[in-house]
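[1] Just to be clear, the model below is a prediction. Sequence and coordinates:
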Amino acid sequence: MATKLLKAPLKLALIQLSSGADKAANLARARSKVLEATSQGANLVVLPECFNSPYGTKYFPKYAETLLPSPPTTEQSPSWHALADMAKEGKTYLVGGSIPEYWPETNKYYNTSLVFGPEGKLLATHRKVHLFDIDIPGKITFRESEVLSPGNKVTIVDLPEYGKIGVAICYDIRFPELATIAARKGAFLLLYPGAFNLTTGALHWELQARARAMDNQVYVGLCSPARDMEADYNAWGHSMIVDPNAGIMAQLEEKEDVVYADLETGRIEETRKGIPIYTQRRFDVYPDVSEHYEA
Ligand SMILES: NC(=O)CC(=O)C(=O)O
């Protein structure tokens, strides 16, 4: 029998974390929620975008950490070490949301996700490729590019017992090419730590999650911070897990909580057998974007 994309059943947990201005408190809270999720049997746990800091361009330099050389010292990156320890303590794969990163050699800042394995080893990093620069008059203006630089790669991470996942950050979800490349290269799940807001969340959060699942016939997880109406930026919340047929398996409201779903082997193949867009592509009519991907 052909190997399934998801090789073994997996319990996914998305932590809709409530975080604030105190980085040490954010890390401690993240740890307790990660361990809560692993005590419920989660094998893969996800934290939200900018989980260790408030979300906003004025905060990025103050909270930024230097990640290289790898491993960094605890002074350079307390978050790197906290995440590695959480993964090891909980014996779980951990997509550590994202943190502001500072790269001293070029004096650049990034919005960066760190992925750790159950032994606490760093497996991958993803720097947000598409920066969140939008202007909806009277609603929201945000320009990550005032401070941040973009990453330059598609991130696919191999979890040996389970298979491959694609990891990207928030605004990256609006660019379907990243998702398509990861799925065509064999990812069973696309994960997006993300912080949509009250304007764009209401418009597009669920649509984006379900669209990426539908286009690619894979599982999708979107992990938001909890909403804080006292903060400068009000996150949408509604962390959700979507199945390969674009059905919502589980989702939260706006408060701090953890959402779980049991991902089953064979669901992707069953979906693709029923609606076989996977084998009906017309690369004689349009190009295969995944051809540009180099591992
Ligand atoms: N915060 C983001 O990066 C993206 C977002 O809020 C949106 O796309 O909407």
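    All right, it came through fine.

[2] Quick one: name the residues of this structure near the ligand.
    132, 170, 171, 174, 195, 196, 197, 200 (C-beta under 6 Å from any ligand atom). (C-beta placed from N, C-alpha, C; glycine too.)

[3] Isn't the fourth one up against residue 208?
    I take that to be residue 174. Yes. The pair formed by residue 174 and residue 208 meets the contact definition of C-beta atoms under 8 Å, at 6.4 Å.

[4] all helices of the stretch 151-295 of the chain, in order?
    In the stretch 151-295 of the chain, the helices defined using DSSP state H, counting those that start in this stretch lie at 176-184, 198-200, 206-216, 267-274.

[5] Those: which one's closest to residue 160?
    helix 176-184 (17.2 Å; C-beta to C-beta).

[6] counting contacts, what elements does that closest one pack onto?
    Where contact means 3 or more C-beta pairs under 8 Å, 6 or more residues apart in numbering; DSSP states H and E, helix 176-184 is packed against strand 163-167, strand 187-193, helix 206-216.

[7] circling back to that earlier point, can you lay out the helices of the stretch 151-295 of the chain as JSON lines showing mean neighbour count, distance to residue 284 and mean pLDDT?
    What follows is these, written out as JSON lines (neighbours: other C-beta atoms under 10 Å; distance: least, C-beta to C-beta, whole Å; pLDDT from 0 to 100):
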{"stretch": "helix 176-184", "mean neighbour count": "21", "distance to residue 284": "16", "mean pLDDT": "98"}
{"stretch": "helix 198-200", "mean neighbour count": "18", "distance to residue 284": "36", "mean pLDDT": "98"}
{"stretch": "helix 206-216", "mean neighbour count": "20", "distance to residue 284": "20", "mean pLDDT": "98"}
{"stretch": "helix 267-274", "mean neighbour count": "17", "distance to residue 284": "21", "mean pLDDT": "98"}
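
[8] Now do stretch 19-29: everything it contacts.
    Contacts of stretch 19-29 with the rest of the structure, by C-beta atoms under 8 Å, 6 or more residues apart in numbering, involve 17-18, 30, 48, 50-54, 63, 78-79, 82, 225-226, 228, 231.

[9] and if we set it to 7 Å?
    17, 51, 52, 53, 54, 63, 78, 79, 82, 225 (C-beta atoms under 7 Å, 6 or more residues apart in numbering).

[10] Tell me which two of those residues sit farthest apart.
    The largest separation in those, counting by C-beta to C-beta, is between 78 and 225 at 18.9 Å.

[11] higher neighbour count, the two?
    Neighbour totals were compared for residue 78 and residue 225, and residue 225 leads with 31 against 17 (other C-beta atoms under 10 Å).

[12] List the residues that contact that one.
    16, 17, 19, 48, 49, 51, 195, 235.

[13] and what of residue 187?
    By C-beta under 7 Å, 6+ apart, the neighbours of residue 187 are 156, 164, 165, 166, 218.

[14] Against the ligand, how distant is it?
    Distance from residue 187 to the ligand, counting by C-beta to the nearest ligand atom, to the nearest Å: 21 Å.

[15] in the stretch 51-200 of the chain, which spans are strands?
    Along the stretch 51-200 of the chain, the stretches classed as strands by DSSP state E, counting those that start in this stretch are 93-95, 99-103, 108-116, 122-127, 133-136, 140-143, 155-159, 163-167, 187-193.

[16] Any chance of TSV for the ones you listed, columns distance to residue 275 and mean pLDDT?
    TSV is the format used below for the strands of the stretch 51-200 of the chain (distance: least, C-beta to C-beta, whole Å; pLDDT from 0 to 100):
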stretch	distance to residue 275	mean pLDDT
strand 93-95	28	99
strand 99-103	38	98
strand 108-116	30	98
strand 122-127	29	98
strand 133-136	33	98
strand 140-143	36	97
strand 155-159	24	98
strand 163-167	21	98
strand 187-193	17	98
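
[17] can you redo the ones you listed as a markdown table with distance to residue 59?
    Formatted as a markdown table, those follow (distance: least, C-beta to C-beta, whole Å):
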| stretch | distance to residue 59 |
| --- | --- |
| strand 93-95 | 21 |
| strand 99-103 | 7 |
| strand 108-116 | 11 |
| strand 122-127 | 17 |
| strand 133-136 | 17 |
| strand 140-143 | 13 |
| strand 155-159 | 24 |
| strand 163-167 | 22 |
| strand 187-193 | 16 |
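
[18] Tell me, how many residues neighbour the residue in the stretch 1-150 of the chain that the ligand sits nearest to?
    Closest contact between the stretch 1-150 of the chain and the ligand, by C-beta to the nearest ligand atom, is at residue 132 (3.3 Å). As a burial measure, residue 132 scores 25 neighbours (other C-beta under 10 Å).
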